[in-house]
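Trainee: Have a look at this fold, sequence not included:
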């Protein structure tokens with residue numbers, strides 16, 4: 001088994017992050033290997049048989065997989081006729097650490113404790129990935145755009161980690177199927193925006209029954225769970241759009257400014273305005 005070094009994928013102290021496109025012909029295999037850098041990839045076309053740390057998973061188009069240094073993985077195209085195309089986003093430990101510091105100001109997240117695969121991302125999630133990848137490609141064309149490329153890369157990494165967190169830390173693995181399914185469905189914007197009535201309808205239980213099981217399996221209440229989902233969405237909109245704060249507040253299901261600010265500050269350590277300024281200075285520097 002080989003271990004790929006940073007110079008193989010053309011990342012260095014000067015250029016600590018980059019994107020590469022890779023294609024696999026029918027039945028082509030990339031044997032087991034590990035890295036001394038971080039990577040995640042998105043499947044643009046076809047399907048993949050992916051082996052990560054001895055666990056094999058079939059991944060479809062749109063799936064995203066996160067690979068940490070020293071993870072061992074292999075890639076294969078199981079198709080008889082269809083080419084497999086992926087975009088590899090590779091970056092140094094330093095880039096990841098810098099991004100995680102910003103992330104950990106808001107959520108206690110340890111990527112080593114979580115599965116690194118997102119299957120069946122929503123249309124909006126796929127669109128976000130594709131748009132940011134294309135943005136990074138444009139920045140890669142000229143050396144003077146390197147600071148913008150690294151900022152865009154960190155923003156993409158942060159978005160991915162938030163998606164990963166929502167699918168793992170906010171997912172009751174040992175809960176009854178009805179609760180697990182309801183929690184999973186509540187990640188969708190059309191459900192968490194209307195809030196508790198949608199949660200009760202998805203669960204098919206009374207509010208008291210839902211609350212009792214949420215406390216038992218997630219040590220949480222339905223409303224607190226919904227609020228976190230709404231705040232995650234609001235933070236993403238602050239980072240990735242030019243919408244006004246009050247517009248984002250209403251869009252994510254809040255209708256009280258002081259309550260929105262209080263919830264946001266409790267989760268991210270800053271009120272929305274300050275978070276917006278900080279995130280733009282880190283993830284969206286002026287061209």
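Mentor: On my side now, so go ahead. Quick caveat: nothing in here was measured; it's all calculated off a predicted structure.

Trainee: Buried residues, stretch 137-156. List them.
Mentor: If you call a residue buried by 16 or more other CB atoms under 10 Å, then stretch 137-156 has these buried ones: 139, 140, 148, 149, 150, 151, 152, 153, 154, 155, 156. C-beta here means a position set from N, CA and C on the backbone, and glycine is covered the same way.

Trainee: roughly how far apart are residue 184 and residue 122?
Mentor: 12 Å (CB to CB, to the nearest Å).

Trainee: And the two? Which one has more around it.
Mentor: Comparing residue 184 with residue 122 by neighbour count (other CB atoms under 10 Å), the higher total belongs to residue 184, at 16 against 13.

Trainee: Can you name the element that comes right after the helix or strand hosting that one?
Mentor: Assigned by DSSP states H and E, residue 184 belongs to helix 177-185. Sequence order places helix 189-192 as the next helix or strand after helix 177-185, per DSSP H and E.

Trainee: Figure out how far that next one is from the centre of its chain.
Mentor: How far helix 189-192 lies from its chain's middle: 18 Å, per CA atoms, centre = their mean, to the nearest Å.

Trainee: again, but for stretch 42-58
Mentor: With CA atoms, centre = their mean, you get 17 Å for stretch 42-58.

Trainee: hmm, who's touching the strand or helix carrying residue 101?
Mentor: Element membership for residue 101, per DSSP H and E: helix 93-104. Residues from elsewhere that reach helix 93-104 (CB atoms under 8 Å, 6 or more residues apart in numbering): 16-17, 37-38, 69, 109, 111, 150, 153-154, 157-158, 161-162, 279, 282.

Trainee: Double-check that residue 49 belongs to a strand.
Mentor: Yes: under DSSP: H, G, I helix; E, B strand; the rest coil, residue 49 sits within a strand.

Trainee: I figured it hits residue 76, correct?
Mentor: Yes: if you go by CB atoms under 8 Å, residue 49 and residue 76 touch, sitting 4.3 Å apart.

Trainee: From residue 6, how far out is the nearest residue to residue 31 once chain neighbours are set aside?
Mentor: Distances taken as CB to CB, 6 or more residues apart in numbering put residue 74 closest to residue 31, at 5.7 Å, once the chain neighbours are dropped. Separation of residue 74 from residue 6 (CB to CB) stands at 20 Å.
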